[in-house]
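Novice: Next input, structure requested:
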Amino acid sequence: MFYQRVKENWGNLSSGLRLERLISWRRENSIVRIERPTRLDRARSLGYRAKQGVLVVRVRVPRGGRKRERPTKAGRRSRRATSRKVVKMSYLWICEQRANRKYKNCEVLGSYPLLKDGRYFWAEVILIDRNHPSVLSDSILRNVAAQRGRVFRGLTSQGRKSRGLRNKGKGAEKIRPSIRAHRERGK
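Specialist: Sure thing, here's the model as predicted:
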């Protein structure tokens, strides 16, 4: 019942509090370690526990499209135009990867969205220290910690969702074993 109330309160967040948080978060760095999760209900549903070896990080990523890098060497001039690049990755997956690049001794357990404005997207990422004794003594967290670099291989929940692996059966023929195996026709 408590987590249901937490969920309802997050849905009915007042505009003043929302604006206050956005203003303070914009001044912070793009990756900030925080003491406890902002959305406790979502964090616990993803496996967060208030114990040593489990940490929460708030990540900010810019919204919008990306430009392809302009080639500097060989090739015709007509091929040097910088066109739009489609990333084919969700904001949450990008947040997870950036958090894991900063905390190299950890593995990503999961992530959830917080807020967004016209310029930025914020999410919280739950990380676990793969060598911490309290993580190694927990059977569930120990199995996650054993998967080295799982976020970069698309094995987290958001990675699997972005790869299209939530779908199966008719219409998902070109999703497995991977998008690249079917020459990018799956997405």
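Novice: From now on I want contacts and neighbour counts done on CA atoms only, so please keep to that.
Specialist: OK.
Novice: quick check, distance from the helix or strand bottoming out on mean pLDDT in the chain to the centre of its chain.
Specialist: Using mean pLDDT, DSSP states H and E, the weakest-scoring helix or strand in the chain turns out to be strand 84-85, at a mean of 76. Its chain's C-alpha centre and that of strand 84-85 lie 21 Å apart, by C-alpha atoms, centre = their mean, to the nearest Å.
Novice: Mind listing what's buried along the next helix or strand after it?
Specialist: Where DSSP states H and E defines the elements, the next helix or strand beyond strand 84-85 is helix 91-102. Buried residues in helix 91-102, counted by 16 or more other C-alpha atoms under 10 Å: 91-100.
Novice: Output those as JSON lines; include the columns pLDDT and distance to residue 33.
Specialist: Shown next, in JSON lines, are the buried residues of helix 91-102 (pLDDT from 0 to 100; distance: C-alpha to C-alpha, whole Å):
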{"residue": "91", "pLDDT": "96", "distance to residue 33": "18"}
{"residue": "92", "pLDDT": "97", "distance to residue 33": "16"}
{"residue": "93", "pLDDT": "97", "distance to residue 33": "18"}
{"residue": "94", "pLDDT": "96", "distance to residue 33": "17"}
{"residue": "95", "pLDDT": "97", "distance to residue 33": "13"}
{"residue": "96", "pLDDT": "98", "distance to residue 33": "13"}
{"residue": "97", "pLDDT": "97", "distance to residue 33": "15"}
{"residue": "98", "pLDDT": "97", "distance to residue 33": "13"}
{"residue": "99", "pLDDT": "98", "distance to residue 33": "9"}
{"residue": "100", "pLDDT": "97", "distance to residue 33": "12"}
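Novice: how about this structure, which residue sits the furthest from its center?
Specialist: residue 76 (37.8 Å; C-alpha atoms, centre = their mean).
Novice: quick revisit: show me what the least confident helix or strand of the chain is packed against.
Specialist: Judged by 3 or more C-alpha pairs under 8 Å, 6 or more residues apart in numbering; DSSP states H and E, strand 84-85 is in contact with strand 66-67.
Novice: ok, residues contacting the strand it packs on?
Specialist: For strand 66-67, contacts defined as C-alpha atoms under 8 Å, 6 or more residues apart in numbering pick out 82-87.
Novice: same thing but at 7 Å, please
Specialist: With C-alpha atoms under 7 Å, 6 or more residues apart in numbering as the test, strand 66-67 has contacts from 82-85.
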